[in-house]
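> here's my sequence, what's the structure:
(chains A and B)
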Amino acid sequence: DGGITQSPKYLFRKEGQNVTLSCEQNLNHDAMYWYRQDPGQGLRLIYYSQIVNDFQKGDIAEGYSVSREKKESFPLTVTSAQKNPTAFYLCASSEGDRASYGYTFGSGTRLTVV
Amino acid sequence: AQSVTQLGSHVSVSEGALVLLRCNYSSSVPPYLFWYVQYPNQGLQLLLKYTSAATLVKGINGFEAEFKKSETSFHLTKPSAHMSDAAEYFCAVSFHGGGYNKLIFGAGTRLAVHP
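The predicted structure follows:
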């Protein structure tokens, strides 16, 4: 079955460390997205990519970085510059640039700073 | 500018009662509207979407929503709540802006179902 795989499901980070969250999709979708979810704040867009080797900052990109070297993969790195990284991170993809398509989501990665 | 407002961050119903989750949108162009459901520690799953065909949209798990342009609303309903409906629900509006397919989410409504 086609879908989006996020790994790991739970991740623990020490202060000052960089960590990378994996997102892989086999839906052949062009566009991919990273969201951060905090209790009571809904979803906030971190980065998005419409095509391989191209990506743009979302609303809260500071302290994060991404790459899009393959259509199927869109990893997110949470750097030490992100002062409050504890959150639930969701990856999503969409078929193209038509607004009627909506997004398909992965099952998320919960990141905790220890 | 496009935006979504979900009225009520928490809604509590009894099992078997009507579920009504409210969503109002603001959009300068004809909107595409979505409802997603999220179970604890899971991703978002599409319940239903409005894409300008029928104004009454039926989704999975017995949910439906009605698009009312005059009220700029897209409320989600289910005639009889089940314990398994307890989850967080997100309304979203989609439009094409800045060269990509942008989905704007509401803050979410957490539904509790009591025996």
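
> hey, let's count contacts and neighbours off CA atoms from now on
Fine.

> isn't residue A:38 up against residue A:88?
Yes. With contacts counted by C-alpha atoms under 8 Å, residue A:38 reaches residue A:88, the gap being 6.6 Å.

> so those two - more neighbours on which side?
residue A:88 (22 against 12; other C-alpha atoms under 10 Å in any protein chain shown).

> bridged to the more buried one, which residues?
residue A:37, residue A:110 (DSSP bridges).

> spit out the contact partners of it.
A:36-38, A:108-111 (C-alpha atoms under 8 Å, 6 or more residues apart in numbering or on different chains).

> how far away is the residue nearest the centre of chain A from residue B:78?
The centroid of chain A falls nearest to residue A:34 when counting by C-alpha atoms, centre = their mean (2.8 Å). Using C-alpha to C-alpha, to the nearest Å, residue A:34 is found at 31 Å from residue B:78.

> with residue B:9 instead?
18 Å.

> and residue A:54, how many neighbours?
12.

> now swap in residue A:39 and tell me
Residue A:39 has 10 nearby residues by other C-alpha under 10 Å.

> kindly report the same for residue B:82.
Counted with other C-alpha under 10 Å, residue B:82 comes out at 20.

> so residue B:49 sits right up against residue B:32, yeah?
Yes. Between residue B:49 and residue B:32 there is a contact under C-alpha under 8 Å: 7.3 Å.

> more neighbours: those two, which one.
More crowded of residue B:49 and residue B:32, by other C-alpha under 10 Å: residue B:49, with 25 against 21.

> any idea how far stretch B:79-97 is from the chain center?
Distance of stretch B:79-97 from the chain centroid (C-alpha atoms, centre = their mean, to the nearest Å) equals 4 Å.

> residues from chain B in reach of chain A?
Selection of chain B residues close to chain A by C-alpha under 8 Å from any C-alpha of the partner chain yields B:9, B:32, B:34, B:41-46, B:51, B:94-96, B:99-103, B:105-108.

> go with 6 Å
Within chain B, the positions adjacent to chain A are B:32, B:42-44, B:51, B:94-96, B:100-101, B:107 by C-alpha under 6 Å from any C-alpha of the partner chain.

> first-to-last residue distance for stretch B:11-22?
One end of stretch B:11-22 to the other measures 10 Å (C-alpha to C-alpha).

> let me fix that: stretch A:18-38
20 Å.

> cool, and stretch B:18-32?
Stretch B:18-32: ends 25 Å apart by C-alpha to C-alpha.

> distance from the chain centre to that stretch, please.
Counting by C-alpha atoms, centre = their mean, stretch B:18-32 comes out at 7 Å from the chain centroid.

> and that stretch, what's buried?
For stretch B:18-32, burial by neighbour count (16 or more other C-alpha atoms under 10 Å in any protein chain shown) applies to B:19-25, B:31-32.
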